[in-house]
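> fold the following.
(one chain, ligands or ions: 1)
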Amino acid sequence: MITLAERVQQIKPSPTLAVNAKAKALKASGVDILNFSVGEPDFDTPEHVCEAGKKAIDERFTRYTAVPGIPELRQAIVERLRADRGWEYEPDQVQVACGGKHGLYNMAQALFNPGDEVIIPTPYWVSYPPIVQLAGGTPVFLPLAEEQEFDIDPDRLAACASDRTRGIVLNSPSNPIGSVFSRRALEAVAQMALERDWIVISDDIYDTIVYGDEPLPHILDIDPAMKERTLVLNGVSKSFAMTGWRIGYTVGPQHIIAAMNKIQSQSTSNPSSIAQKAALAAVSGPQDFPRMMKEAFVERLDYIVGRLRSMPGITCVRPRGAFYVFPNVSAYYGKRAGAKTIQGSLDLADYLLDEARIATVPGIAFGADDFIRFSFAASMEVIREGMDRLEAALGRLAS
Ligand SMILES: *Cc1c(COP(=O)(O)O)cnc(C)c1O
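Numbers count the residues shown, from 1 in each chain. Here you go, the predicted structure:
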């Protein structure tokens with residue numbers, strides 16, 4: 001058999017693949033599975049954005065574009081960041097890529113060498129460790145504590161730092177937790193980054209989905225000196241329900257963006273011309289769609305957190321953003337379902353699939369086995385029924 005590259009052998013298959021495959025198989029065989037595992041909004045891409053995509057086709061805007069994305073889109077991103085955040089960037093400090101994930105991939109390829117360590121707060125988004133590893137870097141996990149509402153603890157951060165640390169990945173609001181980093185935590189990160197010459201990757205993909213009135217603290221607003229060592233990642237996948245269009249963007253220091261453009265020029269060349277026109281309509285047009293989504297999500301959030309907290313043994317930090325809840329379900333580990341003992345999040349997710357016909361994502365996928373993730377990008381009806389089924393199935397577990 002042909003041997004594979006070491007880099008791909010290093011990447012572990014996702015621990016959730018088995019649960020996913022089973023959920024799909026059950027669904028295909030006609031079992032009514034309620035799906036709480038999806039990582040995308042349950043809304044359709046808004047009409048004016050779809051129209052812009054259709055118009056791009058009709059006008060035959062169907063050729064290669066500039067490698068970093070069409071100038072109008074990069075200009076619109078610059079203006080959006082200025083209007084919403086007060087940040088000043090130039091279009092040559094923007095790269096548009098095939099989704100936010102691809103932007104991360106480009107930056108890791110442009111920045112990291114073998115042996116470089118990158119700090120990843122844990123629970124983390126599933127793609128951070130492999131993207132760092134594919135660039136030859138080494139993920140270093142910074143544990144976030146539920147008792148501290150998953151904020152960064154400055155002492156723990158300091159304990160993760162070494163001479164080989166090159167940077168840190170921040171995700172606020174976070175997937176899978178929905179937590180937001182405090183100003184105090186970001187101050188500690190900024191101080192370390194400035195002292196030790198780190199790059200900060202700020203994944204802001206959920207920044208339009210923030211609950212409550214408090215403004216979202218941001219590393220760029222902590223200290224103006226952070227601008228030359230921060231890459232901001234964002235996109236339209238979550239804010240405009242455009243996951244399938246594959247458009248994300250990075251803003252940051254010009255020389256890093258230029259390096260990322262080199263990588264992009266020799267891999268994808270450019271993101272889809274049609275999707276870029278649609279993203280232009282999203283970024284430059286009215287911003288009421290993300291607000292409308294957020295209002296729908298907040299009602300579901302209140303309900304699902306209330307239900308989870310009312311179940312014996314479950315603790316659940318109230319999300320401050322995004323559309324996920326991440327309850328601690330470890331009180332159920334060690335309990336029995338017939339002959340089988342629930343030993344961790346994979347077992348519990350599997351049990352819930354069989355017994356409650358609900359699909360969730362086991363916390364182990366995010367480096368946190370005590371938890372499971374529920375996405376509330378689902379209708380109130382589905383959430384109500386799902387919580388009823390969860391409660392009943394948990395109640396059937398024996399100690
Ligand atoms: C969804 C998501 C992204 C970006 O996804 P794309 O579909 O590639 O744009 C980035 N970070 C996190 C944490 C996400 O959940």
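
> okay, CA-based contacts and neighbour counts for the rest of this
OK.

> interface residues of the stretch 201-350 of the chain facing the ligand?
Neighbours of the ligand within the stretch 201-350 of the chain, by Cα under 6 Å from any ligand atom: 203, 205, 235, 237, 243, 248.

> buried subset of these?
203, 205, 235, 237, 243, 248 (16 or more other Cα atoms under 10 Å).

> show me where the stretch 251-399 of the chain has helices.
254-265, 273-284, 288-309, 345-355, 380-395 (DSSP state H, counting those that start in this stretch).

> pipe the ones you listed into a markdown table and attach mean neighbour count, mean pLDDT and distance to Y332 per row.
Output for the helices of the stretch 251-399 of the chain, formatted as a markdown table (neighbours: other Cα atoms under 10 Å; pLDDT from 0 to 100; distance: least, Cα to Cα, whole Å):
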| stretch | mean neighbour count | mean pLDDT | distance to Y332 |
| --- | --- | --- | --- |
| helix 254-265 | 19 | 98 | 46 |
| helix 273-284 | 23 | 98 | 44 |
| helix 288-309 | 17 | 96 | 13 |
| helix 345-355 | 21 | 95 | 8 |
| helix 380-395 | 16 | 97 | 8 |
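
> now render those as JSON lines, adding distance to I177.
Shown next, in JSON lines, are those (distance: least, Cα to Cα, whole Å):
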{"stretch": "helix 254-265", "distance to I177": "29"}
{"stretch": "helix 273-284", "distance to I177": "26"}
{"stretch": "helix 288-309", "distance to I177": "12"}
{"stretch": "helix 345-355", "distance to I177": "15"}
{"stretch": "helix 380-395", "distance to I177": "18"}
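
> nearest to R373, out of the ones you listed?
helix 345-355 (9.5 Å; Cα to Cα).

> please save the CA atoms from the closest one in PDB.
C-alpha atoms of helix 345-355 as PDB (Å, rounded to 0.1, in the frame of the first residue of the first chain):
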ATOM      1  CA  SER A 345     -18.800  12.100  27.000                       C
ATOM      2  CA  LEU A 346     -18.500   9.700  24.100                       C
ATOM      3  CA  ASP A 347     -20.500   7.100  26.000                       C
ATOM      4  CA  LEU A 348     -23.100   9.600  27.100                       C
ATOM      5  CA  ALA A 349     -23.500  11.100  23.600                       C
ATOM      6  CA  ASP A 350     -24.000   7.500  22.300                       C
ATOM      7  CA  TYR A 351     -26.500   6.700  25.000                       C
ATOM      8  CA  LEU A 352     -28.500   9.900  24.200                       C
ATOM      9  CA  LEU A 353     -28.500   9.000  20.600                       C
ATOM     10  CA  ASP A 354     -29.900   5.500  21.300                       C
ATOM     11  CA  GLU A 355     -32.200   6.300  24.200                       C
END
